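Chemist: My questions concern the predicted model and sequence given below.
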Amino acid sequence: MSKIDIVELIEQNPITKLNGDYHNKLITKIKETFNDTQQQMFVASFYCYLNCDKKNDFIIDLDNVWKWLGFNQKVKAKILLENHFILNKDYTKSLSHTGKQTTHTKGGQNKELFMLNIDTFKKFCLKAGTKKADEVHEYYIKLEETLHQVIQEESNELKLQLENYKNQQVNLQNQIVTNEKDKLVIREKTILQQFPNNTQCVYYGIIDNVSNQNEKLIKFGNSNNLKNRVYKHKDTYSNFYLVNAFKVDNKLQIENAIKDNKFFNERIRNITLKNKKYIELLCIDNVTFSELDKIIKEIITSIEYSPENYIKILQENTYLKKKLEIKNENNNTNDLILLQSENTRLKVQNIKLMKKISAFKNNPNYHLIIESIQKEDIENYIDTTNQLKQKMYSCNILNKNKEGKYFCNDIVYDSLIGSREDVWNCKAYKTSGGLIKEDFILNHKGKIVSKKKSISEYTIDRFKLHGINTTTQ
């Protein structure tokens, strides 16, 4: 860059004062507190700042400034420059065009040209030790004080602006919170109007309470008196607001289905308030209310009655019924085989036992050696046992004592003939049909029935015979 005559810039520049068009705080203070010369120095300095590199542009000629600074000889200015500043860093030195070096020894001497950069010039002014140097020094001190004042004032203003901004943000946030709460109140009131008393529903609402892991929570549950339930939750939880509710036909079933659902099951939490544990809380971090509504509606739809669900249930029932029939058929076949085998064994033992008793009663001294049981005896089990009974009881002697009572085999009967109950309870010996106690059994309902008739009924199955309790095809 070409050189600048800094003295001319300061003293003769047409912009001798700052005009009134500037409203910057620093400019305003300089106009109010600086004299004309100081204002000129500020303008010149600012001009150099805008147009020059303060370290790399060597644009100020020492010849133009040494007299202005108050030196009476250039040599003194030169000595000060060379003693306190570094050549080729703070200033440069060369021969001027009018004083080129010559080999002639005649008169005239070579003229040295000293060029200073902006920083060096400012420092050189302060080190000059002249009256002008004092003025420059005073200018910089005054400028520093002015800068501090401006910085302090602007800092206070910024601080005040920041405080006002914060207050505005707080007010805005409070307004947003108030608006959100107003929306929640309106939403809650609208929902409650749709759920009068004795209306089954499942519901959920937001609370300010958080989990032990500082997770956001909602409270969910079921009710048939939603209004009262909401009031109770407001007493229990912090800022409970009802968010949504769903009408259902079976609130307990739906609530249990929600708990069993994988999405909800993984998010179930509990908290303790006033030493009491509360459950049915869900973590809703990263979950929107729309997502919650969608999942709950899907659960309700999958359980509540609908033609689709009815068909689905019928299909499931048909499948399970066939599966059960197959299983029962297999089980019944196995059981029948085992029962038949056990029944045959018991028949053999019973026939043997009856033969022994019959033989012993006919002859107490008879050595009990029973012949082997024949296959025909087992196949004709009923006839065989009836014949053995006749032999067993034919030897029983029924006698009558003086009181008019009958006794046989150490049993005393009040009468000879009586009802089934009398025979069963040993008050009478036999019924009018000739059946004795051994001919009766207690059925599964506790009624006294004939053994023979019971077996016959089971074999014939009169209910099926007459079209009652027929097997479903």
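Modeler: Looks like it arrived, so ask away. Residues are numbered from 1 along each chain as shown.
Chemist: Grab the most central residue of the chain for me.
Modeler: Of all residues in the chain, the one closest to the mean position by C-alpha atoms, centre = their mean is Cys283, 2.8 Å from it.
Chemist: which residues touch that one?
Modeler: 211, 215-217, 267, 269 (C-beta atoms under 8 Å, 6 or more residues apart in numbering). For every residue, glycine as well, the C-beta is placed using N, CA and C.
Chemist: Kindly state the beta-bridge partners for it.
Modeler: Leu217 (DSSP bridges).
Chemist: Please report how far it lies from Gly418.
Modeler: Remark: distance between Cys283 and Gly418 (C-beta to C-beta, to the nearest Å) = 78 Å.
Chemist: ditto for Asn256
Modeler: In this view, Asn256 and Gly418 are 59 Å apart by C-beta to C-beta.
Chemist: for Asn350, same thing?
Modeler: Taken as C-beta to C-beta, the span from Asn350 to Gly418 is 27 Å.
Chemist: And Asn256 and Gly418? Which one has more around it.
Modeler: Neighbours per residue (other C-beta atoms under 10 Å) separate Asn256 from Gly418, with Gly418 holding more: 19 against 13.
Chemist: Spatially, what comes nearest to that one if we skip its sequence neighbours?
Modeler: Sequence neighbours aside, Ala428 is the residue nearest to Gly418 in space, at 2.6 Å (criterion: C-beta to C-beta, 6 or more residues apart in numbering).
Chemist: ok, longest helix in this protein?
Modeler: The longest helix of the chain (DSSP state H) is helix 131-193.
Chemist: Mind telling me what element Tyr203 is part of?
Modeler: Here Tyr203 sits within strand 201-210, counting by DSSP states H and E.
Chemist: Arg229 reaches Gly221, doesn't it?
Modeler: Yes. Using C-beta atoms under 8 Å, Arg229 makes contact with Gly221 at a distance of 7.0 Å.
Chemist: quick one, domains of the protein?
Modeler: Domain assignment of the chain by automatic domain parsing yields the ranges 6-97+109-157, 194-304, 305-393, 396-473.
Chemist: Next, give phi and psi for Lys29.
Modeler: Per-residue torsions, Lys29: phi -70, psi -40 (degrees, to the nearest 10).
Chemist: Contact partners for the residue nearest to it when sequence neighbours are not counted?
Modeler: Leaving aside its chain neighbours, Lys29 sits nearest to Thr146 (5.1 Å; criterion: C-beta to C-beta, 6+ apart). Neighbouring residues of Thr146 by C-beta under 8 Å, 6+ apart: 26, 29-30, 33-34.
Chemist: picking that back up, got the contact list for the residue nearest to Gly418?
Modeler: Ala428 makes contacts with 413-419, 422, as judged by C-beta under 8 Å, 6+ apart.
Chemist: Which members of those are positioned in strands?
Modeler: 413, 415-417 (DSSP state E).
Chemist: Of these - the most surrounded one?
Modeler: Counting neighbours by other C-beta under 10 Å, Tyr413 leads those with 20 neighbours.
Chemist: And that residue, how close does it get to Glu304?
Modeler: 68 Å.
Chemist: What of Gly433?
Modeler: 61 Å.
Chemist: of these two, who's got more company?
Modeler: Remark: of Gly433 and Glu304, Glu304 carries more neighbours, 15 against 9, as counted by other C-beta under 10 Å.
Chemist: does Leu81 really touch Ile60, like I thought?
Modeler: No. Checked against C-beta under 8 Å, the pair Leu81 and Ile60 is beyond contact range at 11.2 Å.
Chemist: shared neighbours of those two, anything?
Modeler: In contact with both Leu81 and Ile60: Leu116, using C-beta under 8 Å, 6+ apart.
Chemist: ok, these two, which is more surrounded?
Modeler: Regarding Leu81 and Ile60, a neighbour count based on other C-beta under 10 Å identifies Ile60 as having more, with 26 against 20.
Chemist: Tell me the bridge partners for the more buried one.
Modeler: Taking DSSP bridges as the rule, Ile60 bridges to Leu116.
Chemist: same deal with Lys247?
Modeler: Here Lys247, judged by DSSP bridges, has bridge partners Cys201.
Chemist: Okay, it and Lys294: tell me how far apart.
Modeler: Distance from Lys247 to Lys294, by C-beta to C-beta: 17 Å.
Chemist: again, but for Leu95
Modeler: To Lys294, Leu95 is 91 Å away according to C-beta to C-beta.
Chemist: quick one: what helix or strand has Asn83 in it?
Modeler: Per DSSP H and E: helix 74-84 holds Asn83.
Chemist: Pull out the buried positions in that helix.
Modeler: In terms of neighbour count (16 or more other C-beta atoms under 10 Å), helix 74-84 has its buried residues at 77-78, 80-81.
Chemist: Turn those into CSV, columns for pLDDT and distance to Ile176.
Modeler: CSV is the format used below for the buried residues of helix 74-84 (pLDDT from 0 to 100; distance: C-beta to C-beta, whole Å):
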residue, pLDDT, distance to Ile176
Ala77, 90, 69
Lys78, 92, 72
Leu80, 92, 68
Leu81, 91, 67
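Chemist: which one of these is nearest Tyr241?
Modeler: Distance to Tyr241, by C-beta to C-beta, is smallest for Leu81 among those, at 80.7 Å.
Chemist: That closest one: what's it in contact with?
Modeler: Contact analysis of Leu81 by C-beta under 8 Å, 6+ apart lists 62, 91, 114, 116, 124.
Chemist: which pair in these spans the largest distance?
Modeler: Among those, the pair separated by the greatest distance (C-beta to C-beta) is Phe114 and Phe124, at 10.2 Å.
Chemist: Of the domains of the chain, which is nearest Leu172?
Modeler: For Leu172, the closest of those is domain 194-304, at 20.3 Å, according to C-beta to C-beta.
Chemist: So for that closest one, mean pLDDT?
Modeler: Averaged over domain 194-304, pLDDT sits at 93.
Chemist: How about stretch 141-153?
Modeler: In the prediction, stretch 141-153 has an average pLDDT of 82.
Chemist: Buried residues, that stretch. List them.
Modeler: Under 16+ other C-beta under 10 Å, the buried positions of stretch 141-153 are 142-143, 146, 150.
Chemist: Make CSV from those residues and add distance to Met354 to it.
Modeler: Shown next, in CSV, are the buried residues of stretch 141-153 (distance: C-beta to C-beta, whole Å):
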residue, distance to Met354
Lys142, 142
Leu143, 138
Thr146, 136
Val150, 131
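Chemist: Many thanks, I have nothing further to ask.
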